[in-house]
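In: One predicted model, sequence on top.
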Amino acid sequence: MAAENIRHWRVGAVEIARIVEVNAFEDDIAMLLPGATPQFVQQFPWLVPHFATPDGKMILSFQAFVLRSMGKTVMIDTCIGAEREREYEVFCNLQTSFLEDLTAAGFPPEEVSAVLCTHLHFDHVGWNTRKVDGKWVPTFPQARYLFGKQEWAHWKHLRDTHGYHDLAHLADSIDPVMEAGLVDFIGPEHRLTDEVSLISTPGHTPGHVSVHIRSQGQEAIITGDMMHHPIQLAVPETHANFDMDKAQGAATRRSFVERFSGSGALVIGSHFSDPSAGHIVPDGSAWKLKVEN
């Protein structure tokens with residue numbers, strides 16, 4: 001996406017930018033929540049206009065984040081990537097300005113010191129690599145790539161057993177950085193800096209983590225795919241189609257919403273369309289996202 005879709009936040013001393021690859025994608029809510037209808041979406045008027053259309057379609061974006069903390073520049077996920085063959089046509093053979101947008105946002109790719117993947121789905125690892133002379137090579141050869149130990153073990157098991165999931169992205173987005181010796185396997189206790197740590201948020205995948213930023217009395221969370229859409233704040237315990245462990249995903253969301261509701265923490269949704277961030281506040285017996293404009 002063009003640089004005009006870049007968004008910036010500052011949380012204490014931590015600078016964060018959003019880089020969008022597929023912007024404001026409209027789809028039926030049943031893609032996310034089993035059996036849900038447009039009328040279900042319309043029950044929550046606060047979703048319009050940012051996160052839903054008036055006729056009840058959900059709006060999603062596919063994006064990554066980059067932050068600067070204590071002298072380190074860290075990518076949080078790396079989107080879909082260019083020139084890929086993927087399970088869904090909308091993600092195939094993309095040509096975007098992702099790397100140029102990083103520079104335009106003030107975070108040149110050559111300054112990235114770490115790449116943290118919240119999990120290893122294809123739309124969070126794509127720009128781990130790029131194609132050079134027909135070969136997939138690490139996009140950030142100067143960086144350490146941080147993959148969850150439990151997360152990688154699950155994907156390796158899926159590949160070894162020809163498991164239920166599409167695995168094409170492992171060959172072009174994971175294997176090249178492994179072969180280059182750039183990967184560190186980490187646990188959820190890992191800290192990127194004294195200001196940036198991880199929260200274990202399993203369910204979407206077994207080793208899924210979210211990113212927790214605390215600096216100068218301010219707080220933010222980059223969700224990863226613990227939730228995909230703000231409607232899940234209203235119904236956190238509704239099972240989500242994309243979660244590998246649906247019951248665990250629902251329990252994780254409920255715990256997260258209860259922890260951060262009314263806390264003042266800025267919640268930055270990895271698939272929330274623009275403005276992508278807000279605060280969880282009570283909404284009757286449920287919750288909603290009060291957006292940051």
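Out: On my side now, so go ahead. Numbering: from 1, shown residues only.
In: So what does residue 31 have for phi and psi?
Out: For residue 31, the backbone dihedrals (degrees, to the nearest 10) come out as phi -60, psi -30.
In: and it, how many neighbours?
Out: 15 (other CB atoms under 10 Å). Yep, even glycine has a C-beta here, placed from its N, CA and C like the rest.
In: show me what contacts it?
Out: Neighbouring residues of residue 31 by CB atoms under 8 Å, 6 or more residues apart in numbering: 58, 241.
In: Distance of it relative to residue 22?
Out: Using CB to CB, to the nearest Å, we find residue 31 at a distance of 14 Å from residue 22.
In: cool, and residue 148?
Out: 24 Å.
In: Show me which of those two is the more surrounded one.
Out: It is residue 148, of residue 148 and residue 22, that has more neighbours when counted by other CB under 10 Å, with 27 against 18.
In: Skipping adjacent residues, who's closest to the more buried one in space?
Out: What sits nearest to residue 148 in space, not counting adjacent residues and going by CB to CB, 6 or more residues apart in numbering, is residue 207, at 3.6 Å.
In: was I right about that neighbour contacting residue 154?
Out: Yes: when contacts are counted by CB atoms under 8 Å, residue 207 is listed as touching residue 154 (6.5 Å).
In: who's more crowded, those two?
Out: Shown here are residue 207 and residue 154; by other CB under 10 Å, residue 207 has more neighbours (25 against 19).
In: Look up phi and psi at that one.
Out: According to degrees, to the nearest 10, residue 207 has phi -110, psi 20.
In: list the contacts for it?
Out: Counted by CB under 8 Å, 6+ apart, residue 207 has contacts 119, 148, 149, 150, 151, 152, 153, 154, 188.
In: try residue 215
Out: 11, 12, 13, 14, 69, 195.
In: Nearest residue to the third one in space, please, no chain neighbours.
Out: Same thing as residue 13. Residue 13 sits nearest to residue 215 (CB to CB, 6+ apart), 4.9 Å away.
In: Residues in a beta bridge with that neighbour, which ones?
Out: residue 218 (DSSP bridges).
In: Pull the number of nearby residues for residue 110.
Out: As a burial measure, residue 110 scores 12 neighbours (other CB under 10 Å).
In: hang on, it packs against residue 141?
Out: No: between residue 110 and residue 141 there is no contact under CB under 8 Å: 9.2 Å.
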